[in-house]
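Asks: sequence and computational prediction follow.
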Amino acid sequence: MAVKNTGYDFEDNKTMLTRFERNVTGTLARQLLVILFGLVSAIILARVLGPEGNGLYTLSILLPTVLSTFLNLGAAPANVYFIGRGTVDVRNALFANLWLWLILSVLGILVGAITIWSRGDVFFPGVPRPLLWGGVAVFPLVLLQAFLISLLQGKQDFRRFNTVSIIAPGVMLVLFLALVWGLSMEVPGALLAYGIGYLVALVLTIRAVWVHCQSDIRGLSQRLYAKQCIGYGWKAHLSNILAFVNYRADIFLVNFFLTPALTGIYVIAVQIAERLWLLSQAVSTVLLPRLSELYQDEKKRNHLTSVIARWVFLATFFAAASLVLVAKPLIVLLFGSKYINATGALLWLLPGVVLGSLSRILSNDIAARGKPELNMYVAFFVVSVNIIANIILIPMMGINGAALATTIAYSVNAISKLYLYARLSGNIWWQPLLLDKTDIALILQRVKAIHRSIF
């Protein structure tokens with residue numbers, strides 16, 4: 001049965017939210033830079049490579065992403081969860097992660113090689129094998145970067161976390177300009193830029209993590225932590241694999257049923273739509289370690305999640321509504337008239353993206369309660385819905401069908417997460433959706449503060 005929150009301490013919760021806002025603001029600024037770098041990079045690649053080349057590049061970098069997603073054993077979310085709770089120190093977590101990375105890198109390279117040799121033409125039709133080999137070579141860098149940056153996230157060291165997070169996209173942008181646009185190296189040049197960007201970012205991330213290894217000595221040993229990491233992580237791991245399939249099944253199936261050129265057009269719609277996740281991604285980065293830290297204070301945790309969820313949901317909704325008005329001219333202006341057919345797919349994607357922002361926040365709350373397996377169970381069902389819908393709708397509607405299938409899957413995911421959150425927290429299911437009197441009070445506080453600063 002849902003219970004009402006009592007004993008609301010406005011000043012205490014305002015202080016908690018202020019601290020949270022500071023971390024989100026820095027992370028949001030980083031996300032804006034990453035989006036700017038990514039947008040300029042996407043424009044360069046789309047215009048220089050054309051739809052077919054853009055599709056080939058997207059599919060080639062999909063391979064290292066798939067390998068790192070399927071083989072990471074959930075170490076990154078486990079790092080955030082256990083470091084956030086103070087169960088393990090950064091030094092022991094670091095060395096436990098390095099051993100896992102070494103084993104998983106060898107396994108991933110073998111899996112990638114077997115896939116390319118035996119089924120490359122089946123899984124990646126139309127993609128030259130040298131591009132797929134390049135993707136396999138980048139895989140260990142992508143995996144280790146994901147492991148190490150999660151240590152900074154778990155420590156809530158968002159200054160260093162945000163700094164190293166912008167390195168890879170920044171370096172990639174510079175190299176796209178130099179190699180793809182300047183030297184006309186086409187898709188191989190773009191893939192080379194992708195790998196170098198991750199390499200530079202990894203070196204700087206190691207330096208940032210090592211700062212915490214000098215003074216933070218406590219908690220579980222490396223061996224014990226590795227066991228706990230895998231014990232928690234495999235549940236989050238399966239959930240993340242299914243979430244990845246949910247996010248990328250449409251791209252695989254568009255390429256399977258249609259062509260690399262149409263895949264390149266569809267990717268533009270996906271890239272624009274997913275930019276609306278800017279706020280939810282920034283908030284989620286800060287939210288998981290913070291909620292893990294609050295595991296002994298249920299009232300604060302419930303309050304924080306519900307406030308953050310509804311603000312993220314409403315902000316994403318209004319951003320999506322604004323994008324509807326300018327979608328077609330924006331695509332033509334940024335990417336050229338060759339990509340005008342991405343407009344319809346973008347419009348079909350937007351409702352799902354709005355609901356996806358809500359799902360991401362609620363998923364973090366569920367994981368911070370030590371129940372990542374619930375996210376996994378939901379993900380199994382949602383992926384099934386997504387794949388079936390894509391198989392039915394892509395032959396009927398083309399890339400618009402892929403977008404509609406994705407929105408259907410995201411909607412199912414949001415409804416499921418609302419139900420689980422209400423059961424676990426005791427809050428009413430609509431609390432993460434609708435503003436209440438505490439939100440109005442916070443708005444008035446901000447308006448008064450702005451008024452005093454101006455007048």
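Replies: Okay, I see it.
Asks: going forward, measure contacts and count neighbours with C-alpha atoms only.
Replies: Fine.
Asks: just for the stretch 251-400 of the chain, where's the confidence low?
Replies: 288, 290, 292-297 (pLDDT under 70).
Asks: quick one, helices of it?
Replies: Along the stretch 251-400 of the chain, counting by DSSP state H, counting those that start in this stretch, helices occupy 260-274, 278-293, 298-335, 342-368, 372-397, 399-425.
Asks: in the longest one, what counts as buried?
Replies: Translated: helix 298-335. Across helix 298-335, burial judged by 16 or more other C-alpha atoms under 10 Å covers 299-314, 316-317, 320, 323, 327-328, 331-332, 334-335.
Asks: that one vs helix 260-274, what angle?
Replies: 130 degrees (axes from the mean of the first three to the mean of the last three C-alpha atoms, to 10 degrees).
Asks: ok now helix 298-335, how far from the chain's centre?
Replies: Centre-to-centre, helix 298-335 and its host chain are 15 Å apart (C-alpha atoms, centre = their mean, to the nearest Å).
Asks: mind giving me the packing neighbours of that helix?
Replies: helix 10-71, helix 278-293, helix 342-368 (3 or more C-alpha pairs under 8 Å, 6 or more residues apart in numbering; DSSP states H and E).
Asks: which of these sits closest to residue 144?
Replies: Proximity to residue 144 (C-alpha to C-alpha) singles out helix 10-71 among those, at 9.0 Å.
Asks: contacts for the very next helix or strand once past that closest one?
Replies: Tracing the chain C-terminally past helix 10-71 and defining elements by DSSP states H and E, one meets helix 75-85 next. For helix 75-85, the surrounding residues in contact (C-alpha atoms under 8 Å, 6 or more residues apart in numbering) are 88-90, 93, 97, 146-148, 150-151, 153-156, 229-230, 232-233, 236-237, 288-290, 292-293, 295, 368.
Asks: now do the helices in the stretch 51-200 of the chain.
Replies: Using DSSP H, counting those that start in this stretch, helices in the stretch 51-200 of the chain cover 75-85, 90-123, 129-154, 158-165, 167-175, 186-213.
Asks: residue 170 and residue 37 touch, don't they?
Replies: Yes - with contact defined as C-alpha atoms under 8 Å, residue 170 counts as touching residue 37 (6.1 Å).
Asks: got TSV for the helices and strands packed on helix 298-335, with distance to residue 206 and mean neighbour count too?
Replies: Converted to TSV, those look like this (distance: least, C-alpha to C-alpha, whole Å; neighbours: other C-alpha atoms under 10 Å):
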stretch	distance to residue 206	mean neighbour count
helix 10-71	18	19
helix 278-293	19	23
helix 342-368	26	24
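Asks: same list, those, but as a markdown table with distance to residue 434 please.
Replies: Listed next are the helices and strands packed on helix 298-335 as a markdown table, based on distance: least, C-alpha to C-alpha, whole Å:
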| stretch | distance to residue 434 |
| --- | --- |
| helix 10-71 | 18 |
| helix 278-293 | 17 |
| helix 342-368 | 12 |
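Asks: looking at those, which is nearest to residue 261?
Replies: Smallest distance to residue 261 across the helices and strands packed on helix 298-335 (C-alpha to C-alpha): 4.0 Å, for helix 10-71.
Asks: now do that closest one and helix 278-293, the angle between them.
Replies: Using the same axes, to 10 degrees: helix 10-71 against helix 278-293 is 100 degrees.
Asks: quick one: mean pLDDT over helix 10-71.
Replies: With pLDDT averaged residue by residue, helix 10-71 scores 77.
Asks: again, but for stretch 107-123
Replies: Averaging pLDDT along stretch 107-123 yields 86.
Asks: contacts for it next, please.
Replies: Residues external to stretch 107-123 that are found in contact with it (C-alpha under 8 Å, 6+ apart): 63, 67, 68, 71, 127, 129, 132, 133, 136, 137, 139.
Asks: recalculate using a threshold of 7 Å.
Replies: 67, 71, 136 (C-alpha atoms under 7 Å, 6 or more residues apart in numbering).
Asks: measure the closest residue to the first one other than its chain neighbours to residue 334 for me?
Replies: This points to residue 67. In space, and not counting its chain neighbours, residue 67 is closest to residue 108: 6.1 Å by C-alpha to C-alpha, 6 or more residues apart in numbering. Computed as C-alpha to C-alpha, to the nearest Å, the residue 108 to residue 334 distance reads 36 Å.
Asks: same check, this time on residue 157
Replies: To residue 334, residue 157 is 35 Å away according to C-alpha to C-alpha.
Asks: and if you look at residue 311?
Replies: 29 Å.
Asks: which of the helices of the stretch 51-200 of the chain sits closest to residue 56?
Replies: Between the helices of the stretch 51-200 of the chain, helix 186-213 lies closest to residue 56; by C-alpha to C-alpha that is 7.3 Å.
Asks: and that closest one with helix 158-165, angle?
Replies: With the same axes, to 10 degrees applied, the angle from helix 186-213 to helix 158-165 works out at 160 degrees.
Asks: list the buried residues of helix 186-213.
Replies: Result for helix 186-213 [16+ other C-alpha under 10 Å]: buried residues 186-202, 205-206, 208-209, 212.
Asks: do stretch 406-421 as well
Replies: Within stretch 406-421, the residues scored as buried using 16+ other C-alpha under 10 Å are 406-414, 416-418, 420-421.
Asks: contacting residues around that stretch?
Replies: So stretch 406-421 is in contact with 349, 351-352, 355-356, 358-359, 362-363, 366, 378, 382, 385-386, 429, going by C-alpha under 7 Å, 6+ apart.
Asks: CA atoms only: put that stretch into CSV for me.
Replies: Below are the C-alpha coordinates for stretch 406-421, written out as CSV (Å, rounded to 0.1, in the frame of the first residue of the first chain):
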residue,chain,number,x,y,z
THR,A,406,11.4,2.0,-30.4
THR,A,407,8.8,4.3,-28.9
ILE,A,408,6.5,1.4,-28.1
ALA,A,409,9.3,-0.3,-26.3
TYR,A,410,10.3,2.8,-24.3
SER,A,411,6.7,3.3,-23.3
VAL,A,412,6.4,-0.2,-21.9
ASN,A,413,9.7,0.3,-20.0
ALA,A,414,8.4,3.5,-18.4
ILE,A,415,5.1,2.0,-17.3
SER,A,416,6.9,-1.0,-15.8
LYS,A,417,9.5,1.2,-13.9
LEU,A,418,6.7,3.4,-12.5
TYR,A,419,5.0,0.3,-11.1
LEU,A,420,8.2,-1.1,-9.5
TYR,A,421,9.2,2.3,-8.1
